[in-house]
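A.B. asks: I'd like to go over a predicted model; first the sequence, then the structure.
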Amino acid sequence: LGRAVRHLAPPLIIVPDMSGFRLKFWLIVLGLGLAAVYSFRYAFKAWAKNRLIEDTPTSRVRSAAQGYVELNGIGEPPAEAPPKGPLTGLPCTWWRYKIEERRYSGRSRSWCTIESDTCATPFVLNDGTGRCLIDPRGAEVFPGHTTVWYGADAWPQVRIPEGSGAFAWLVDTFVTDKYRYTEYRLQPNEHVYAIGAFRSLGGIGDFDADTAAANLLHDWKQDQAALLGRFDANHDGTLSAAEWEQARAAARRQVEDGRAAAPRPPSVNVLADPMDGRAFLLAAAQGESLAQRFRRRTLAGIGGFVGSSAALTWMLLHV
């Protein structure tokens, strides 16, 4: 009877738990979707910068208009306290560095940045027609020189000469030092491409005759007797509207005459961050070379977008 019961009982069906599989599936779908969005945005921004470089004509410092301009010239360090790379001690016009620490997680290892900084000291761009002060704060900089080396201390005790970073990526797998030092530099007297907001400070342009005349008139009011003796034509003890206009005109003539007689300081040209969302770029290269770099980035972004979208579509169709 027992054998008959077992024969008649339905077989036991084991249903695999699909919840873990579904979670992994949707995590992969989410990752591919984010990768597609990021790649598209990356390609769009790179293409926009490429078009910006190609569509903005090169200006000369001497004749550059106030506003968004493109300049090409030779980078020169400031005469007073020329900057040096903090890690290498090499002279430069601009620097950026980072110090990374090797960290382990199981069998894997990675580099974690523990210290970094970027130069904010202005330097000079000379294009042969004039000099322009470059304020590098907020700029996306493409330096021409990079030095990478390794050590056992959180701050390098030995400063490596220029060129030591060559093939550093090749030895990265084999070195055992705990710290990696990287320094990027714009070198003195090398070609610099710059695009940003150009303005002239100082000189005649900063003089406000109306404000200066109002301040002078305010000083005259402190001595009412002298003011009345000079402009109270009818001697009634007060200044009428017409007499006030004469006082204002006299004050304006005096400040303008003083301005004309005073030596005029030269204006200072400055290129800085536009602060309106437009790109501020500095590069140790010609403009066309930088445009080509952004075109390559655009192609890489498009490739990432197409690949991620194709993989995402395949997964959704075969779910």
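C.D. replies: Nice, thanks for sending it over. Residues are numbered from 1 along each chain as shown.
A.B. asks: hey, let's count contacts and neighbours off CA atoms from now on
C.D. replies: Fine.
A.B. asks: Which parts of the protein are helices?
C.D. replies: Assigned by DSSP state H, the helices in the chain fall at 2-8, 19-55, 168-171, 209-221, 224-231, 241-261, 287-317.
A.B. asks: what about the fourth one, average pLDDT?
C.D. replies: Spelled out, it's helix 209-221. Throughout helix 209-221, pLDDT has a mean value of 80.
A.B. asks: now the angle from that helix to helix 224-231?
C.D. replies: Angle of helix 209-221 versus helix 224-231, following axes from the mean of the first three to the mean of the last three Cα atoms, to 10 degrees, is 120 degrees.
A.B. asks: repeat for the second one
C.D. replies: Computed with the same axes, to 10 degrees, the direction of helix 19-55 lies at 40 degrees from that of helix 224-231.
A.B. asks: Offset the numbering so it begins at 536, please.
C.D. replies: With 536 as the first residue, the last one maps to helix 554-590.
A.B. asks: Now helix 554-590: average pLDDT?
C.D. replies: Across helix 554-590, the average pLDDT comes to 88.
A.B. asks: and that helix, what other elements does it pack with?
C.D. replies: helix 822-852 (3 or more Cα pairs under 8 Å, 6 or more residues apart in numbering; DSSP states H and E).
A.B. asks: any low-confidence regions in the stretch 586-735 of the chain?
C.D. replies: Across the stretch 586-735 of the chain, the ranges flagged by pLDDT under 70 are 694-711.
A.B. asks: that older thread, tabulate the helices of the chain (CSV), appending mean neighbour count and distance to residue 646.
C.D. replies: Formatted as CSV, the helices of the chain follow (neighbours: other Cα atoms under 10 Å; distance: least, Cα to Cα, whole Å):
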stretch, mean neighbour count, distance to residue 646
helix 537-543, 9, 63
helix 554-590, 16, 23
helix 703-706, 12, 13
helix 744-756, 15, 58
helix 759-766, 14, 75
helix 776-796, 15, 60
helix 822-852, 17, 25
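A.B. asks: Nearest approach to residue 734 belongs to which of these?
C.D. replies: Of all the helices of the chain, helix 554-590 sits nearest to residue 734, with 19.2 Å by Cα to Cα.
A.B. asks: from the chain's centre, how far out does that closest one sit?
C.D. replies: 23 Å (Cα atoms, centre = their mean, to the nearest Å).
A.B. asks: before we move on, back to that, distance to residue 605 added to the helices of the chain, as JSON lines?
C.D. replies: Shown next, in JSON lines, are the helices of the chain (distance: least, Cα to Cα, whole Å):
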{"stretch": "helix 537-543", "distance to residue 605": "88"}
{"stretch": "helix 554-590", "distance to residue 605": "8"}
{"stretch": "helix 703-706", "distance to residue 605": "34"}
{"stretch": "helix 744-756", "distance to residue 605": "33"}
{"stretch": "helix 759-766", "distance to residue 605": "53"}
{"stretch": "helix 776-796", "distance to residue 605": "34"}
{"stretch": "helix 822-852", "distance to residue 605": "9"}
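A.B. asks: what about those, which gets the closest to residue 642?
C.D. replies: Taking Cα to Cα, helix 703-706 is the member of the helices of the chain nearest to residue 642, at 18.8 Å.
A.B. asks: coming back round to it: quick one: closest of the helices of the chain to residue 622.
C.D. replies: Among those, the nearest to residue 622 by Cα to Cα is helix 703-706 (16.1 Å).
A.B. asks: Is the closest residue to residue 605 other than its chain neighbours bridged to anything, and to what?
C.D. replies: Excluding the flanking residues, the one nearest residue 605 by Cα to Cα, 6 or more residues apart in numbering is residue 730, at 4.3 Å. Residue 730 forms beta bridges with residue 605, residue 816, as assigned by DSSP bridges.
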